[in-house]
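> Everything below, folded, please.
(one chain, ligands or ions: 2)
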Amino acid sequence: PLLGTYYCKCMINITRLKTIHAVKVQPKTVHDKNSTKFTTFEQMVLFRQNQARKTALVMMDSINMTDDVERFCMSYGRVLNIFPYYTKANKVFLLVEYETQNDVDHLNRNSVHRYTTGTINVITSLLLYRNQNHNFVKYKQPSMIKHYPYADFTVPTLTNIQHNLKQEKNVSQQMLLLYDTLKITDLNVRLRFFTAHQLMFYLSKLFTNISVVPFGSSVNGFGQLGCDLDLICRIKNNKVWKKLTFLSQRLPLIEREEQKQFLAVLSTILGTCIPGIGNIRNILEARVPIIKFFNMNTNMQCDLSCGNASALHMSELLYIYAELDWRVKPLVCTIRTWARNCNLTQETAGHWITNFSLTLLIMFYLQIKNILPSLHFIESIRGKHEDWQASLQFYFTSYFIFLVLEQNMHKVLGQYSWFTKWKISMPHRNTENLQELLHGFFEYYSIFDFKTQAICIREGIVKAKRDNSPVYIYNPFDATLNVSRNITLVELSRLIDSFQIGLQILDFPEENVIVKLIKLEPCTYKSRNTSKALFLNVVSHGDKQNENNSDRDELKHINRITNENNTNVSANN
Ligand code: GTP
Ligand code: MG
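Ligands and ions are numbered 1, 2, ... in the order given. I've put the predicted structure just below:
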């Protein structure tokens, strides 16, 4: 059998082949993927990065070779996990996690690079298994490997899960089921970090101080199957670049220019030297310049940026919130799914609300419900306690035990000033279920005063708007920026209408509420006119200087649509 890579792009032939010497098969210990609990975001990222370093990706010619490849891989080190999967192009892969990085190095050292004359050869980290010796498989003893089922990348459609959702009569249970069905899997997270690690492998051959780190929904706890992989290319230990991590995203021109130039270089490298990369698009004039590409081997749609370090802080903040209370992730999952199906959010950027802004709206709502603390509070604890996140987590996750043992725990925790402060700031802990929170969310934003009020995650309170943007969400890490400034009046109006429709659906004491909410069945509910009123207020009370013609045109347009719709509805009624 041979191992090797298999890409031949343009003039570049990338090969890595290895003649196998049969070695004793080692028993495999099965690693419990659920047993790892991380205290901090940093720990989680380091753990996943380390896992990626101990992982090899092997491509096979056929699914029938799985047993051979598993045994072969085990002959080079102690295998912890093997995940088989196939891509949409029907390529079959095994993602093999070894116990140590040395095992992967051992495997790579023993692989063969097949050099082809007349082309430029590139060393890759991808391996192709070729069974050229059919007598190789001589091991008759049963394999110790726990077989994970073959995974594909099919994202369940709502029609697929409709039946299961309907089995759950309770709305909160339906939300939990939706979350369980759509959340990204362990394999998916591994592939995300592996993709970043591979990119780093290639770039490290050229640049000595580069790291590639995933951020966004891949790591913040809100990832759903099929979500994109946001990657940030960081320059390590460089003063200029380090400084950028503490600045806003409005980078000085020269540095922004540098980013664009650097990304253009990376784009060329991706297109010519790295196997499995396709559909590369440079979007360098965006607010945050990025390169978009698709990694065919790991089935990842990637967005690569550089110098955008505040996005990492943002991912950490969302991660902390997601971990603090068990209700956060299912609630976000339901609302994101609902928004996607109502076309409130789109895959591309535009004048509509982004998943990120929507998530901040949810976080803020949970802050005013005393379920999540303000960023300010988190930072105050962080400054004082080394194990601050453990303390926060302990407090939140043990809430129900806390209710029972409050007196006793108070004796122990009372010595910590943060505990007292927390108790004072949040005297009434919230015990609402998911259904109540979803209802409350729709209700809160149906009547929210978008006209004058802005949302401030840092302080956990509403504040005055700094300008006339229809929706104003203070950037938690830079109070001079509005995260949702892209949202237009038309989109705000649609948003409020949709909140109201959601509210009406939840008010109906019927079964299949979540199915109805995410529009699997025709929705016959009529929206109220509140949003139109709010919408008019936004314009009439707005700063006339900022009220431009396009807004007025939009207003006319939305009024026309609203009037038309109302006429139709009353005619039907
Ligand atoms: P999905 O990809 O839709 O699943 O969610 P996501 O959270 O990954 O959103 P997206 O890919 O659009 O953005 C990735 C990350 O970039 C977010 O999690 C934020 O950390 C950051 N980000 C996105 N939009 C903004 C923005 O408008 N302002 C700031 N400051 N950061 C943003
Ligand atoms: Mg994303």
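> alpha carbons only for contacts and neighbour counts from here, please
Fine.
> Where does K463 sit: helix, strand or coil?
strand (DSSP: H, G, I helix; E, B strand; the rest coil).
> Let me fix that, I meant to ask about W326.
coil.
> tell me which residues in the strand or helix carrying I505 are buried?
Assigned by DSSP states H and E, I505 belongs to helix 489-507. Within helix 489-507, the residues scored as buried using 16 or more other Cα atoms under 10 Å are 489-506.
> And for stretch 99-106?
So for stretch 99-106, counting by 16+ other Cα under 10 Å, buried means 99-101, 103-105.
> Which residues does that stretch contact?
Outside stretch 99-106, the residues that touch it by Cα atoms under 8 Å, 6 or more residues apart in numbering are 53-56, 76-80, 98.
> Is it correct that A454 is in contact with N468?
No - counting by Cα atoms under 8 Å, A454 does not reach N468; the two are 10.3 Å apart.
> which one of these two has more residues nearby?
Taking other Cα atoms under 10 Å, A454 and N468 do not tie; A454 has more neighbours (23 against 19).
> That one - that's part of a strand, no?
Yes - assigned with three-state DSSP, A454 falls within a strand.
> Just the pLDDT at it, thanks.
Note for A454: predicted pLDDT of 97.
> which residues does it form a beta bridge with?
K463 (DSSP bridges).
> Pull the contacting residues for it.
462-465, 471-474.
> how close does it sit to L360?
12 Å (Cα to Cα, to the nearest Å).
> Return the residues of the stretch 201-350 of the chain in contact with ligand 1.
216-217, 223, 227-228, 230, 311, 314-315 (Cα under 6 Å from any ligand atom).
> These in helices, which ones?
311, 314-315 (DSSP state H).
> Who wins on neighbours among the residues you listed?
S315 (22 neighbours).
> so who does that one touch?
So S315 contacts 215-217, 219-220 (Cα under 8 Å, 6+ apart).
> Please identify which of those is nearest to P275.
F215 (22.8 Å; Cα to Cα).
> residue contacts, the closest one?
Contacts of F215 by Cα under 8 Å, 6+ apart are 229-232, 311-312, 315.
> can you list those residues in a markdown table and add pLDDT and distance to ligand 2?
Converted to a markdown table, the contacts of F215 look like this (pLDDT from 0 to 100; distance: Cα to the ion, whole Å):
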| residue | pLDDT | distance to ligand 2 |
| --- | --- | --- |
| L229 | 97 | 6 |
| D230 | 96 | 5 |
| L231 | 96 | 9 |
| I232 | 92 | 12 |
| A311 | 85 | 11 |
| L312 | 86 | 12 |
| S315 | 93 | 10 |
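> okay if I get those as CSV plus distance to L263?
As requested, the contacts of F215 are exported to CSV (distance: Cα to Cα, whole Å):
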residue, distance to L263
L229, 17
D230, 14
L231, 12
I232, 11
A311, 17
L312, 18
S315, 22
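> Now do the contacts for the nearest residue to F201 once chain neighbours are set aside.
Nearest residue to F201, sequence neighbours excluded (Cα to Cα, 6 or more residues apart in numbering): S125, at 7.7 Å. Residues near S125 by Cα under 8 Å, 6+ apart: 5, 56, 108, 198, 201.
> Of those, which is the nearest to ligand 1?
If you rank the contacts of S125 by distance to ligand 1 using Cα to the nearest ligand atom, Q198 comes first, at 20.2 Å.
> Alongside ligand 1, which residues does the stretch 351-500 of the chain contribute?
So the stretch 351-500 of the chain meets ligand 1 at 355-356, 483 (Cα under 6 Å from any ligand atom).
> Check those residues against P149 and report the nearest one.
N355 (31.1 Å).
> what's around the closest one, how many residues?
N355 has 21 nearby residues by other Cα under 10 Å.
> please renumber so the chain begins at 207
With 207 as the first residue, the last one maps to N561.
> Was I right to think it contacts L550?
No - under the criterion of Cα under 8 Å, N561 is not in contact with L550, lying 9.4 Å apart.
> quick one, helices of the stretch 307-456 of the chain?
Ranges of helices within the stretch 307-456 of the chain are 307-315, 364-373, 377-388, 392-409, 445-450, based on DSSP state H, counting those that start in this stretch.
> do the third one and ligand 1 meet?
So the one you mean is helix 377-388. No - figure legend: helix 377-388 not in contact with ligand 1 (Cα under 6 Å from any ligand atom); closest approach 11.4 Å.
> what does that helix contact?
361-362, 367, 371-372, 374, 430-431, 535-537, 539-540, 639-641, 718-720.
> Please repeat the previous calculation with a cut-off of 7 Å.
371, 374, 430-431, 536, 539-540, 639-641, 719-720 (Cα atoms under 7 Å, 6 or more residues apart in numbering).
> Out of those residues, which end up buried?
Buried among the contacts of helix 377-388 by 16+ other Cα under 10 Å: 371, 374, 430-431, 536, 539-540, 640-641, 719-720.
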